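*Asks:* Sharing a model that was predicted from the sequence below.
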Amino acid sequence: MEIGNNRNEGNEINNETIEGKVNEIPDTSQVSDSENLKVNTKKKKKKGGFFKHFFATLGCLALLVAVLGLVVFLGNEKLGFFNLKTSTPKISNTSVVSANEGLTLAKASNSKNDSDEDSDDSDNVKSVSTSSGVIVTDVSDLVEEVMPSIVAITSTQIVQSGADDFWNEFFYGYGSGGGTYESEGAGSGFIISQTDDELLIVTNNHVIEGADSLQVQFIDEETVDANVKGTDADLDIAVISVKTSDLKDSTLEQIKIATIGDSDSLKVGDGTIAIGNALGYGQSVTTGVVSALNREVQYEDDTKRTLIQTDAAINPGNSGGALLNMYGEVIGINAAKYSSSSVEGMGFAIPISSVEDVIEDLMNQKTKEKVDEKEQGYLGIKGRDITSDIAEGYDMPEGVYIVELTDDSGAEKAGIQEKDIIVKLEGTKISSMEELQNELKYYKSGEKVTVTVKRQEGNKYVEKEIEVTLQDSVE
């Protein structure tokens, strides 16, 4: 498709129809068959005195109490107070609804697994009991040390009003002409590096995805604009940057760089601290333990990730915040919670050691600033998504399949061909037309970009990097 136009237009992949795959989900509801209790009501005359009648009465009362208890239990089960049914967990992201070459992460030199006896981190914690009965620690001193490295992130997106579209169509194009409104989301992040020009901050991709503007609030409540540095949608990781020239000297004096720990050395039962912008109200702290490691969870969009499970409360707005060990080291990036009103104590975080290389790669990418829509450049293609399911089913690379090239477009002139599959733009992975559109918002018409495609040659796909000069939109 022409980037920015209807993504449903275009020819079909390899001139074949790719039918949607429907997963048949068996009904896992448990049907509870209750057998009727048959009571023999036929009475047999018996002779007996007072005590026999007394004990008989007591027996009847006991039976009545038992029956009432059974009725109450079954009623509660029916109402959901006792959850006897099983289902596949669905994990929700926790965002609120409504010149830097060679940069590396600041890793811990002294962690709980090191033998350095000079480390005084233990002086910052004291053993206490939580409401759940788990022995954790008083982390007030430790939190005071790490809080300057934590930030709150607000993303703003301009949304087209669906109601205006309806009335515009209803009145044959004579409606309001389409309206827009701003939608805000809240998230968290932590500072991972500082250069002469920028502060670099890690967060979740879903916190900043699709945002038209980003703002970051620091420890002293100073709020400034931020730009995207790099993203990885598959891993749900993003790095954003703030210009140091936009910050007050007093803010720069207070902030700190987060220390990266080793999530590979974690053990179930280790203490954890989650810090983030819960519900968008500002920074809050919760504590808990590592409940499980290498937990494979499925998100609402059906993607699967291997995460750390913790009972430290991770609430909406915590996304992108730091999960710390008891030495104040970042061992995870808060990402998700179990989406059920009847379940508590199931939060999830991305293990930091599993994404260190990705973060360092994103840190060293060129900072992106969105250009005016009128100046935005386009490739000049029509395409459609090759999802992970299609890629697996048809043995194709995941990305954007080029259905058609616009005549004399930048893509055609550069040598991109129909049936090529776009997998990267300027080093950023591309998995869908939406991601490609979002990336092109950072480049002006006339700019040159490197497009990585995979082209079928015989029985295999060969990766090629092609330099394309972007063009104006073709109406």
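*Replies:* The structure has been received and is ready for your questions.
*Asks:* where along this structure do the helices fall?
*Replies:* Counting by DSSP state H, residue ranges of the helices within the chain are 50-79, 140-146, 162-170, 205-208, 249-254, 356-363, 388-394, 410-414, 433-440.
*Asks:* Comparing those helices, which yields the minimum mean pLDDT?
*Replies:* Mean pLDDT per stretch puts helix 162-170 lowest among the helices of the chain, at a mean of 52.
*Asks:* Stretch 249-260: end-to-end distance?
*Replies:* The first residue of stretch 249-260 is 25 Å away from its last residue (CA to CA, to the nearest Å).
*Asks:* So which bits of that stretch are buried?
*Replies:* 251, 255-260 (16 or more other CB atoms under 10 Å). Placement of C-beta: from N, CA and C, glycine included.
*Asks:* next one: stretch 237-244
*Replies:* Going by neighbour count (16+ other CB under 10 Å), the buried part of stretch 237-244 is 237-242, 244.
*Asks:* Send me that stretch as PDB with only the CA atoms.
*Replies:* Backbone C-alpha positions of stretch 237-244 (Å, rounded to 0.1, in the frame of the first residue of the first chain) are rendered in PDB as follows:
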ATOM      1  CA  ILE A 237      11.800  -2.500  24.900                       C
ATOM      2  CA  ALA A 238      12.400   1.200  24.100                       C
ATOM      3  CA  VAL A 239      15.100   3.800  24.800                       C
ATOM      4  CA  ILE A 240      14.100   7.400  24.800                       C
ATOM      5  CA  SER A 241      16.300  10.500  25.200                       C
ATOM      6  CA  VAL A 242      16.100  13.900  26.900                       C
ATOM      7  CA  LYS A 243      18.300  16.800  25.900                       C
ATOM      8  CA  THR A 244      20.500  17.900  28.800                       C
END
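*Asks:* Name the residues that touch that stretch?
*Replies:* Defining contact as CB atoms under 8 Å, 6 or more residues apart in numbering, one finds that stretch 237-244 is touched by 153, 189, 192, 194-205, 207-209, 214, 216, 224-232, 252, 320, 333, 350, 355, 358-359, 362-363, 365, 367.
*Asks:* pLDDT averaged over it, what's the number?
*Replies:* The model assigns stretch 237-244 a mean pLDDT of 96.
*Asks:* in the stretch 351-475 of the chain, which spans are strands?
*Replies:* Under the criterion DSSP state E, counting those that start in this stretch, the stretch 351-475 of the chain contains strands at 381-386, 399-405, 421-425, 428-429, 448-457, 460-469.
*Asks:* pLDDT value on Ile273, please?
*Replies:* 94.
*Asks:* Hmm, it is touching Ala312, no?
*Replies:* Yes: Ile273 lies in contact with Ala312 (CB atoms under 8 Å); the separation is 6.6 Å.
*Asks:* Find the residues that touch each one of these two.
*Replies:* Joint contacts of Ile273 and Ala312 (CB under 8 Å, 6+ apart) are 286-287, 323.
*Asks:* Mind checking the strands of the stretch 351-475 of the chain for the one nearest to Gln157?
*Replies:* Closest to Gln157 of the strands of the stretch 351-475 of the chain is strand 428-429 (CB to CB; 19.3 Å).
*Asks:* helices and strands around that closest one, which ones?
*Replies:* If you count contacts as 3 or more CB pairs under 8 Å, 6 or more residues apart in numbering; DSSP states H and E, strand 428-429 packs onto strand 223-232.
*Asks:* The strand it packs on vs helix 356-363, what angle?
*Replies:* On the basis of axes from the mean of the first three to the mean of the last three CA atoms, to 10 degrees, strand 223-232 is oriented at 120 degrees to helix 356-363.
*Asks:* List the buried residues for strand 223-232?
*Replies:* For strand 223-232, by 16+ other CB under 10 Å, it's 224, 226-232.
*Asks:* Show me the contact partners of that strand.
*Replies:* By CB under 8 Å, 6+ apart, strand 223-232 touches 153, 200-201, 205, 208-209, 213-217, 237-243, 246-247, 355, 358, 361-363, 365-369, 427-429, 442.
*Asks:* For it, give the mean pLDDT please.
*Replies:* Mean pLDDT, strand 223-232: 94.
*Asks:* Could you export that strand as CSV, CA atoms only?
*Replies:* The C-alpha coordinates for strand 223-232 follow below in CSV (Å, rounded to 0.1, in the frame of the first residue of the first chain):
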residue,chain,number,x,y,z
THR,A,223,9.1,17.9,33.3
VAL,A,224,10.6,18.1,29.8
ASP,A,225,10.0,16.7,26.3
ALA,A,226,11.6,13.5,25.2
ASN,A,227,12.3,11.8,21.8
VAL,A,228,12.6,8.2,20.8
LYS,A,229,16.1,6.7,20.5
GLY,A,230,15.2,3.2,19.4
THR,A,231,12.6,0.5,19.9
ASP,A,232,12.2,-3.3,19.8
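*Asks:* Taking helix 433-440 as reference, get the angle to that strand.
*Replies:* Using the same axes, to 10 degrees: strand 223-232 against helix 433-440 is 130 degrees.
*Asks:* Tell me where the stretch 151-300 of the chain has strands.
*Replies:* Under the criterion DSSP E, counting those that start in this stretch, the stretch 151-300 of the chain contains strands at 180-194, 198-203, 213-217, 223-232, 237-243, 271-276, 284-298.
*Asks:* Looking at the ones you listed, which is nearest to Ile416?
*Replies:* When those are compared by CB to CB, strand 223-232 sits nearest Ile416, at 23.0 Å.
*Asks:* returning to that earlier point: how about the buried residues of stretch 237-244 in TSV, adding distance to Glu329?
*Replies:* Listed next are these as TSV, based on distance: CB to CB, whole Å:
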residue	distance to Glu329
Ile237	18
Ala238	21
Val239	19
Ile240	22
Ser241	23
Val242	23
Thr244	25
